[in-house]
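# 3D model of this:
(one chain, ligands or ions: 1)
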Amino acid sequence: MNICSKTVLIALSLLGSAASAQALQVAPLSPRAQSLLSIRARTQQPQLNPSAPNGRQRCGYDEKRVTVYESAQGSQASDCNWNSTNPDEIYAPTFVYNVPVVVHVIQHTNGDGALSAATIQDQIDVLNEDFRAMQGSPGAPGVDVMIQYHLATVDPNGAPTTGITYSTNDAWHNDEWTTPGYWEVLQWDPQQYLNVYTLNTVGYYGYYWGSPGSIEDGVYLWWRYVGDNSSPTANNDNYGRTATHEIGHYMGLHHTFEGGCTSGGCYSTGDLICDTNPQESATWGCPSSQQSCSSQVPVRNYMNYTDDNCMWEFTEEQARRMRCRIQWYRPNLAETEPGCGVATTYCQTAPNSVGSGALIGHTGSLGIAANDLELSSSGAIPGQFGIFYFGPNQVSTPFGHGVRCVGGQIRRLTVLQSDSLGYASIPLDFTTAPENDITANSTWNFQFWYRDTAAAGPGFNLSNGLEISFCP
Ligand SMILES: [Zn+2]
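Okay, the predicted model is just below:
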């Protein structure tokens, strides 16, 4: 999208109707002037944090956000517009969205705002810990949203880049409304990059501003709270979660306390999410629990206002809303890849002498370090022997009464016996053979072979197949 059509998009954003936008085309305002109008028109009282240093508000989203017109990006864009959420299964995190990030570091001539590439990378690492709920990290208890971030390696002209731009400008650093605005000068195509600006976001730790593809579209962070406690201001709010929170807004989430104690459907009021209980107002500090609106407050949620070192989760429905937003509102932003931590069944099971056939499943972690994965099978013949086996390839070959789904060099696990319900399970141990062939970021295929002596002929059958891509 070129600058002209961006301007029109913002005009649409502000006026909310095509007819008004046409009138505006006659005498267009600059995007900056429109932005000023839209922000000054808002009168919502800022929420001050009595215990916060520097007297800053945690987030400027409520004051800065523009009431947006969003052109429909597809037939199901209404699944995650600003009126409601449809957390359909199709938005469940089953593959990775890989998002390229450009960080615009805006420095003051007095040296404020100087951030090293190492600190920027540190911040990217925190984002991945939080959005991927990475094991062993502070974000581990949350849902793996399967949105991953990396510094851009190619700039908008196709040239190699570090994904970081540096500029020195005192007015820009202090977030002043210059002409043109720094966001207009520095922004890379917002449809293809997540633009992050680090500066002195006066009054706030950070904010998200704009709508998908607009000239402001980006995340604005107070430079002192970038990275994991590595910049000069060490305290409970400096663990890189300002960026996690603001990118949550960028991906289409409201605060968990949006709308207070709302009544009505939780997918169409408040934060438009049902698995985050409503709350009357923001949570500060780090209470072990809190009650509001007759329910438990989502104290640990990234979209609340608790301290950085107190928050550790997005919920499943927040994950689905964010992924829906990428699919319908930011379709050119992310590369998709299968990613690790995915288990999918494939291949057909076959009927056996007791029913419609055996199905393979799993419980436990798909990470090697956790070492607690267990394979299971249900629907096999009660009291009969069977064996789980795995290999690198997928095949579909008639075998016995069923279909063989695993090919390549086969590894067999211990022989076992189904219980009286035809259920069998076996824990895997990645430290011993043959399971120690399974390493991080590798993909393997599993199946259950079992005896079925009551069936005439070969006397054995197989479950369907299970493909697992393993995480570290
Ligand atoms: Zn916020």
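# What average pLDDT does stretch 324-339 get?
On average, the pLDDT along stretch 324-339 is 87.
# ignore the last one, stretch 145-165
94.
# Not counting that stretch itself, show me its contacts.
Under the contact criterion CB atoms under 8 Å, 6 or more residues apart in numbering, stretch 145-165 has outside partners 93-105, 117, 120-121, 124, 127-128, 131-133, 186, 188-189, 192-194, 251, 314, 318-319, 322-323, 326, 334, 339, 341. In short, each C-beta sits where N, CA and C put it, glycine included.
# Also near the ion: which of these, exactly?
Among the contacts of stretch 145-165, none lies close to the ion by the criterion of CB under 5 Å from the ion.
# Those in strands, which ones?
96-105, 194 (DSSP state E).
# Contacts only, for the closest residue to the ion within the chain.
In the chain, the residue that lies nearest the ion is C59 (3.0 Å; CB to the ion). C59 makes contact with 204-207, 242, 245-246, 249, 255, 305, according to CB under 8 Å, 6+ apart.
# Which of these are buried? Put it as a PyMOL command.
For the buried members of these, the matching PyMOL selection, counting by 16 or more other CB atoms under 10 Å, is:
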select buried, resi 204+205+206+207+242+245+246+249+255+305
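# Save the contacts of C59 as JSON lines, and put in distance to N445, pLDDT and secondary structure too.
Shown next, in JSON lines, are the contacts of C59 (distance: CB to CB, whole Å; pLDDT from 0 to 100; DSSP: H, G, I helix; E, B strand; the rest coil):
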{"residue": "Y204", "distance to N445": "50", "pLDDT": "90", "secondary structure": "strand"}
{"residue": "Y205", "distance to N445": "47", "pLDDT": "92", "secondary structure": "coil"}
{"residue": "G206", "distance to N445": "44", "pLDDT": "94", "secondary structure": "strand"}
{"residue": "Y207", "distance to N445": "47", "pLDDT": "94", "secondary structure": "strand"}
{"residue": "T242", "distance to N445": "42", "pLDDT": "96", "secondary structure": "helix"}
{"residue": "H245", "distance to N445": "39", "pLDDT": "98", "secondary structure": "helix"}
{"residue": "E246", "distance to N445": "40", "pLDDT": "98", "secondary structure": "helix"}
{"residue": "H249", "distance to N445": "40", "pLDDT": "96", "secondary structure": "helix"}
{"residue": "H255", "distance to N445": "43", "pLDDT": "96", "secondary structure": "coil"}
{"residue": "Y305", "distance to N445": "46", "pLDDT": "94", "secondary structure": "coil"}
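# just the contacts of C59 now: which is nearest Y267?
Closest approach to Y267 among the contacts of C59 (CB to CB): H255, at 16.3 Å.
# Can you report how many residues lie near the residue nearest to the closest one when sequence neighbours are not counted?
Closest residue to H255 apart from its sequence neighbours, by CB to CB, 6 or more residues apart in numbering: M303 at 5.4 Å. Look at M303: counted by other CB atoms under 10 Å, it has 25 neighbours.
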